[in-house]
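S.K.: generate a structure from the sequence data that follows.
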Amino acid sequence: MEHEYREMLLLTGLEEITENELQRFRFLVMDEFKISRSQLGETTNRTELADLLIQSAGPASAVTKTIHLFRKLNYMHAAKCLQEQKKKVESRSMTNRKKKGTQQVEKRSQAENCSGASAPSRGESSKTNSAPEVCPQAKPQKQQIVAEQEASREGLQKDPLAVLVLKTTNPFKCETEEDIFHATVATATAFFFVKVLYAPFKDKFTPRRTINISNYLWHSNFLEVTSSSIVVDADADHKVCVPDNIRQKAGRTPTIKMLKTQPCGTIANGTFKVQKVKQKNDRVVYGIQDKTGEMDVLVLGNREKIKCEKGDKLRLVFFEVSEDGEKTQLKSGPYSFFKVIKTTKPQAEQKEKCTLKSTHLNNTSLEDSNTTS
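M.R.: Numbering: from 1, shown residues only. Below is the predicted model:
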């Protein structure tokens with residue numbers, strides 16, 4: 001676990017805040033971690049700062065204190081991401097401990113059953129007292145209802161959830177060097193974005209296909225599917241029928257005006273028109289606009305240089321609403337995907353060019369004809 005705490009402190013914590021946010025964080029670190037100004041002054045980058053925090057408080061405590069400082073500084077998105085990652089690690093650790101304990105109890109129980117002559121009667125008694133079985137036809141419906149009712153509860157969901165796949169991206173290599181892809185799925189009442197951290201599941205996530213997902217993580221505004229999840233085709237009798245209004249809502253790009261009202265951490269997918277591009281060493285800021293307003297898109301990391309000009313469009317997948325001072329922006333994360341869509345020339349402009357070219361050719365032919373005469 002120590003290795004996981006160290007990794008999340010840097011990758012999910014310190015790497016998720018901007019340079020200006022980092023400077024304010026460093027200012028409060030001295031009191032929270034009892035670090036002297038001279039010690040802090042020797043740290044020149046985020047990795048060295050993470051090492052210093054761990055040396056001062058220990059891996060687990062360093063993560064907890066960092067979450068506290070992020071909240072104090074109103075870095076709510078970064079605090080939430082770090083808290084979620086911490087919960088995952090602690091949940092896995094607790095699950096492993098429970099499994100070990102259960103295995104020990106089972107071993108002791110087996111030993112007692114083998115040695116005792118009354119073991120068969122105990123077995124018969126347990127069968128008598130066991131809960132009545134649910135008929136196979138009713139089980140999937142019950143599980144589906146339970147899964148949807150627990151939508152607001154974050155964490156591991158073991159019961160299968162039947163969904164219709166609406167669309168997916170092609171697998172791509174994210175910042176953590178994993179091959180992943182994103183999908184949009186829907187039930188009869190809502191749609192969900194899905195982060196799939198296991199590329200081989202791409203064969204199951206085919207548009208217009210109904211699938212059952214279990215052992216997945218349910219976050220506040222998206223589902224997370226990992227290699228431990230189970231994805232299978234749904235039975236023919238349990239296909240999901242998604243109303244047209246849900247399909248349309250799932251495929252619609254949110255307006256900038258609406259995005260500015262969303263809490264930090266909200267996932268946003270969509271295609272936006274670019275009005276400016278500002279490139280720095282480790283980040284690019286794209287100004288986007290629509291009929292309702294303007295907003296910045298912050299793309300972090302040393303991305304490949306992609307030519308993007310005013311008037312082009314950006315297709316954003318799994319970007320998050322965040323704040324930069326008083327401004328609301330969209331910010332990339334380690335699992336984000338974006339693509340530049342080059343804008344074609346308007347038909348009127350192309351027609352005008354063709355007319356000019358045709359006129360030029362006609363004039364040239366006329367001049368050649370006069371010269372010949």
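
S.K.: list of residues touching the helix or strand residue 328 falls within?
M.R.: Assessed by DSSP states H and E, residue 328 sits inside strand 327-331. If you take CB atoms under 8 Å, 6 or more residues apart in numbering as the criterion, strand 327-331 is touched by 77, 259-260, 268, 288, 295-298, 300, 316, 319-323. (Each C-beta comes from the backbone N, C-alpha and C, glycine too.)

S.K.: make it 10 Å
M.R.: 16, 18, 77, 256, 259-262, 264, 266, 268, 270, 272, 283, 285-286, 288, 293, 295-300, 314, 316, 319-324, 336, 338 (CB atoms under 10 Å, 6 or more residues apart in numbering).

S.K.: leaving out chain neighbours, which residue sits closest to residue 87?
M.R.: residue 155 (7.4 Å; CB to CB, 6 or more residues apart in numbering).

S.K.: cool, and residue 214?
M.R.: residue 160 (4.2 Å).

S.K.: which of the helices and strands in the chain ranks last by mean pLDDT?
M.R.: For the chain, using mean pLDDT, DSSP states H and E, the weakest element among its helices and strands is helix 119-129, scoring a mean of 39.

S.K.: the helices in the stretch 151-300 of the chain, which residues?
M.R.: With DSSP state H, counting those that start in this stretch as the criterion, the stretch 151-300 of the chain has helices at 244-251, 256-259.

S.K.: so which of the ones you listed comes closest to residue 4?
M.R.: Checking those against residue 4 by CB to CB gives helix 256-259 as the closest, at 32.6 Å.

S.K.: may I see the buried residues of that closest one?
M.R.: Using 16 or more other CB atoms under 10 Å as the test for burial, helix 256-259 gives 256, 259.

S.K.: please apply the same query to stretch 172-186.
M.R.: Neighbour count says stretch 172-186 has 174-175, 180-186 buried, by 16+ other CB under 10 Å.

S.K.: repeat that for stretch 289-308.
M.R.: 290, 295-300, 308.

S.K.: tell me the helix or strand right after the strand holding residue 328.
M.R.: Per DSSP H and E, the first helix or strand lying C-terminal to strand 327-331 is strand 337-341.

S.K.: pull up the pairing partners for that next one, direction included.
M.R.: Applying DSSP bridges to the sheet, strand 337-341 is found paired with strand 313-324 (antiparallel).

S.K.: for the strand it pairs with, C-alpha coordinates in CSV please.
M.R.: C-alpha atoms of strand 313-324 as CSV (Å, rounded to 0.1, in the frame of the first residue of the first chain):
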residue,chain,number,x,y,z
LYS,A,313,-13.1,22.3,-33.9
LEU,A,314,-12.1,20.4,-30.8
ARG,A,315,-13.6,17.0,-30.0
LEU,A,316,-13.3,16.6,-26.2
VAL,A,317,-13.8,13.3,-24.4
PHE,A,318,-13.7,12.9,-20.6
PHE,A,319,-12.6,16.5,-19.8
GLU,A,320,-13.5,17.9,-16.4
VAL,A,321,-15.0,21.1,-15.2
SER,A,322,-12.5,23.0,-13.0
GLU,A,323,-11.7,26.5,-11.8
ASP,A,324,-8.8,28.8,-12.5
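
S.K.: quick one: mean pLDDT over it.
M.R.: The predicted model gives strand 313-324 an average pLDDT of 92.

S.K.: circling back to that earlier point, of the contacts of strand 327-331, buried ones?
M.R.: Listed as buried from the contacts of strand 327-331 are 16, 18, 77, 256, 259, 264, 266, 268, 270, 272, 283, 286, 288, 295-300, 314, 316, 319-323, 336, 338; burial here means 16+ other CB under 10 Å.

S.K.: count of neighbours near the nearest residue to residue 271 once chain neighbours are set aside?
M.R.: Nearest non-adjacent residue to residue 271, counting by CB to CB, 6+ apart: residue 315, 4.9 Å away. For residue 315, the neighbour count with other CB atoms under 10 Å is 15.

S.K.: give the contact list for residue 315.
M.R.: Applying CB under 10 Å, 6+ apart, one finds that residue 315 lies in contact with 169, 253, 269-272, 337-341.

S.K.: repeat for residue 317
M.R.: Residue 317 neighbours (CB under 10 Å, 6+ apart): 169, 172, 181-184, 193, 195, 267-271, 332, 335-339.

S.K.: so which of the helices of the stretch 151-300 of the chain comes closest to residue 217?
M.R.: Going by CB to CB, the one of the helices of the stretch 151-300 of the chain nearest residue 217 is helix 244-251, 20.3 Å.

S.K.: so residue 318 sits against residue 219, correct?
M.R.: No: between residue 318 and residue 219 there is no contact under CB atoms under 10 Å: 11.7 Å.

S.K.: now do the shared contacts for these two.
M.R.: With CB under 10 Å, 6+ apart, residue 318 and residue 219 have common neighbours 193, 195, 267.

S.K.: how confident is the prediction for the second one, by pLDDT?
M.R.: Translated: residue 195. At residue 195, pLDDT is 96.
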